[in-house]
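**Q** kindly return the folded structure for what I paste below:
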Amino acid sequence: MIPTLPATPRKTALTKLSGHRLVSSSAGLAGTLWLAVIVAASLTAPWWLPFKTEDQDFTAVLSGPTAAHWLGTDELGRDILSRIFSSAAETLGTSFITVMVGVGLGTVLAMAAANSQRAEGIISRGTEIMMSLPGTVIILAVIGAVGTNIPLIMAILGVLISAGIYRVMLGQAKSLQSQLYVDAAKVDGLSPLAISVRHVLPGLATTIVVQSALIFAVGLLIQAGLAFIGFGPPLPQPSWGGMIQSASQHVYDAPWLMVPTGVVLALTVLAANAIGNALGKAPNATASHLPSAAIRRKRAAQAAAAATATPVVGDPPMAGKLSVRGLSVGVDGGTPLVTDVSFDVEPGTVLGLVGESGCGKTMTALSLMGLLPSGVAVTDGQILWNGKNLAAATDTDMEAIRGRDIALISQEPMRALDPMFTVGYQLTSAIRRLRSVGKTEANHEALSLLEKVGIVDGGRILKAYPHQISGGMAQRVAIALALSGKPRLLVADEPTTALDVTVQAEILSLLRSLVKDTGMSVVMVTHDLGVVADICDQVAVMYAGQVVENGGTASILDDPRHPYTLALLAADPHATTAHEMPERLATIKGQVPQPKDWPIGCRFAARCQFAGSACLVPVPLLPSGSDVGLVRCVKADELAVEGLAWLPTDVPTSLQHTVPAEVPARHLLDITEKDMA
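**A** Residues are numbered from 1 along each chain as shown. Next up is the predicted model:
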């Protein structure tokens, strides 16, 4: 069953999101403060304004700002400040009527049309008729029939605008209706109305608030325009448009009269547009791609230091070799996400990055190509490729490396393939760009690449669109696209996770052949220890943003030294032979801590069965055992000597006899007491 979220938390989340975007945008925050001041001042005007709107001072007609009249007076000696703020609330309120009617009606019609093809046909034809009608003529006709009833006029304007809003909302609503979670809601028995309210409407929230801000500004200008031509509130009631019309008659003898009302109207329209722009940003756009000046200076200093740093002694530059030294990645001015990661990838070898979700594997892989998300950057360390530090490289430098030296294979092939273009167009375009060849040669090379990745009918695939081929075929095409620039290093972010077992085996066999035939190296991000055993030469086990164990694949899988690696292998049914299979697989209690909750000492200590007081201090990555591998554990050698194994969290009585005889009784007692607690 699909859990039903209550309306209040959803609304609260939207409010927090919108508030965060407004606060993060200086223009949006300024616009919000301006509108708040205008509304508050207008609603409290009778309590603080020095004059009533109809009071006349014949000794100060058409005067500029004075001590008595801060913004001057009009042609009848009336105080401009009092008239501006007295009419502000009504002007803004009637403009908001246009927003409620236009955006509300347009959204409802869009959701109704997205639910039914028949309803879409009827509503679309109706909105087309509405859009063909002359709105100005209709408004003037209404004024002639019922008089200057401003709320009614603004409501009718909202109805006319709703046709355009409907067109904006319809495409997005239909896209949301096609999402898998909507299909799941239908299977769960939710009615179309419930689906629209619970699943479609929240997805339209950003568009709704943006359109509301823009329509508010449009309604404000149209209302002022109507008052300017004489169809505003009846005299002597003030209105911004009417005051501008009066000022226009004295533009030569009293030019100041136009300034106060014109500036207030312009600032209010700009404030509404600024709020719309702030709310219209993508969720992660509030974290600017351009960090603050202090962070940029700090990053420049780090890059300069990294660029001039001497490479590790005994590790000279080698063509096609990747060396990562002390890599740290974090949010700009905030929480670290990856800390002190080091590993090497020799030419023609495959390195596997393994660990649970949230351990920093993908962040580490993306940092190798300079593709970190907005607001995230390399904060320390070196990424040495052919002797060049990519951590200090500029975007221009990385453009010459991406695709040509280092390429990416993502978990989802549709991230690499554009559904708007054929496979052939995308593949040949990449080949021509990266290899600087002609169209004919690019076509031949595209067929050759498809053949290399195991696609027999390459001609047909080149003419197909991405949605016309299977997932396994799309992944092969994505690999061919990654190979279009003849890279020396492939970064593969879980390239087989979304595929069935048979296709997974084919893709792994393909990658293995490419490594053997071309001599390129691969950094493989995966959760599957079977993939590690099948294709990887080296393994780096990551936990909570750190490498906790690093070494050869055979050494890591056969003789793990870190408790986390022990636990991963104990929890894998494929890592145990049939006659040694326990009645119950081991588990790891708890979950990977969030970066903000990382402890000072060993980050795995809270979940470790062997943790002690020595684990409360920072643990370095040190050599361990006879292998060249490294391990981040103060008890690594002790665990290896005593042959301790990771046990199930709750040890059934029937399994206690399976504990190795060489385990000292005191260790068994410590483990069982901790687990029982």
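**Q** neighbours around residue 239, how many?
**A** 26 (other Cβ atoms under 10 Å). For every residue, glycine as well, the C-beta is placed using N, CA and C.
**Q** that one and residue 87 touch, don't they?
**A** Yes: counting by Cβ atoms under 8 Å, residue 239 touches residue 87, with 5.3 Å between them.
**Q** pLDDT weak spots in the protein?
**A** For the chain, residues meeting the criterion pLDDT under 70 lie at 1-21, 281-319, 498, 574-582, 625-627, 649-677.
**Q** can you give me the strands in it?
**A** All strands of the chain, identified by DSSP state E, fall at 322-331, 336-345, 350-354, 376-385, 388-389, 406-409, 489-493, 521-525, 538-543, 546-552, 622-623, 630-631.
**Q** circling back to that earlier point, what residues are shared contacts of residue 239 and residue 87?
**A** residue 233 (Cβ atoms under 8 Å, 6 or more residues apart in numbering).
**Q** residue 201 contacts residue 114, doesn't it?
**A** No: using Cβ under 8 Å as the test, residue 201 is too far from residue 114 to be in contact (10.9 Å).
**Q** as TSV, the strands of the chain with distance to residue 447 and mean neighbour count would be great.
**A** Shown next, in TSV, are these (distance: least, Cβ to Cβ, whole Å; neighbours: other Cβ atoms under 10 Å):
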stretch	distance to residue 447	mean neighbour count
strand 322-331	31	21
strand 336-345	30	21
strand 350-354	27	25
strand 376-385	30	22
strand 388-389	34	18
strand 406-409	19	24
strand 489-493	21	24
strand 521-525	24	25
strand 538-543	34	26
strand 546-552	38	24
strand 622-623	49	12
strand 630-631	45	26
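**Q** mind putting these into TSV with distance to residue 213?
**A** As requested, those are exported to TSV (distance: least, Cβ to Cβ, whole Å):
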stretch	distance to residue 213
strand 322-331	29
strand 336-345	34
strand 350-354	44
strand 376-385	30
strand 388-389	45
strand 406-409	38
strand 489-493	38
strand 521-525	41
strand 538-543	44
strand 546-552	45
strand 622-623	58
strand 630-631	55
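**Q** wait, which of those strands is closest to residue 561?
**A** strand 630-631 (4.3 Å; Cβ to Cβ).
**Q** quick one: contacts of that closest one?
**A** 547-551, 561-562, 621-625.
**Q** what sits closest to residue 628 if chain neighbours are left out?
**A** residue 551 (6.7 Å; Cβ to Cβ, 6 or more residues apart in numbering).
**Q** residues in contact with the closest residue in space to residue 65 that isn't next to it in sequence?
**A** Distances taken as Cβ to Cβ, 6+ apart put residue 72 closest to residue 65, at 5.4 Å, once the chain neighbours are dropped. Residue 72 makes contact with 62-66, 80, 256-257, 260 under the criterion Cβ under 8 Å, 6+ apart.
**Q** and these, which are buried?
**A** 62-63, 80, 257, 260 (16 or more other Cβ atoms under 10 Å).
**Q** looking at those residues, spot the one nearest residue 368.
**A** Taking those together and measuring to residue 368 by Cβ to Cβ, the closest member is residue 260, at 58.8 Å.
**Q** OK, contacts around the closest one?
**A** Residue 260 touches 71-72, 80-81, 84, counting by Cβ under 8 Å, 6+ apart.
**Q** what's the most distant pair in the residues you listed?
**A** 72 and 84, at 10.9 Å, using Cβ to Cβ across the contacts of residue 260.
**Q** by residue count, which helix of the chain is the longest?
**A** helix 80-115 (DSSP state H).
**Q** report the buried residues of that helix.
**A** 80-92, 94-99, 101-103, 105-115.
**Q** what's the answer for stretch 590-601, then?
**A** 592-593, 595, 598, 601.
**Q** dump those residues to a markdown table, plus distance to residue 332.
**A** Below are those laid out as a markdown table (distance: Cβ to Cβ, whole Å):
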| residue | distance to residue 332 |
| --- | --- |
| 592 | 23 |
| 593 | 22 |
| 595 | 14 |
| 598 | 18 |
| 601 | 27 |
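**Q** which among those gets closest to residue 647?
**A** Taking the buried residues of stretch 590-601 together and measuring to residue 647 by Cβ to Cβ, the closest member is residue 592, at 20.5 Å.
**Q** if I look at that closest one, how far off is residue 612?
**A** Using Cβ to Cβ, to the nearest Å, one gets 21 Å for the distance from residue 592 to residue 612.
**Q** same deal with residue 323?
**A** In terms of Cβ to Cβ, residue 323 sits 34 Å off from residue 612.
**Q** same question for residue 60.
**A** The value you get for residue 60 to residue 612, if Cβ to Cβ is used, is 86 Å.
**Q** rewinding a little: wait, which of the contacts of residue 260 is closest to residue 179?
**A** The closest of these, once distances to residue 179 are taken by Cβ to Cβ, is residue 84, at 47.9 Å.
**Q** thought that closest one was touching residue 242?
**A** No: with contact defined as Cβ under 8 Å, residue 84 does not count as touching residue 242 (11.4 Å).
**Q** before we move on, the earlier item: rebuild the contacts of residue 260 as JSON lines, extending it with distance to residue 393.
**A** Formatted as JSON lines, the contacts of residue 260 follow (distance: Cβ to Cβ, whole Å):
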{"residue": "71", "distance to residue 393": "57"}
{"residue": "72", "distance to residue 393": "60"}
{"residue": "80", "distance to residue 393": "59"}
{"residue": "81", "distance to residue 393": "58"}
{"residue": "84", "distance to residue 393": "56"}
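**Q** may I have the phi/psi pair for residue 356?
**A** With angles defined as degrees, to the nearest 10, residue 356 sits at phi -70, psi 170.
**Q** how many neighbours does it have?
**A** 15.
**Q** hang on, it packs against residue 543?
**A** Yes: if you go by Cβ under 8 Å, residue 356 and residue 543 touch, sitting 7.4 Å apart.
**Q** quickly list what's touching both of those two.
**A** residue 592.
**Q** quick one, what contacts the residue nearest to residue 359 when sequence neighbours are not counted?
**A** If the residues on either side of it in the chain are set aside, residue 359 comes closest to residue 542, at 4.4 Å by Cβ to Cβ, 6+ apart. Contacts for residue 542 were tallied using Cβ under 8 Å, 6+ apart; they are 341, 353-355, 359-361, 364, 548.
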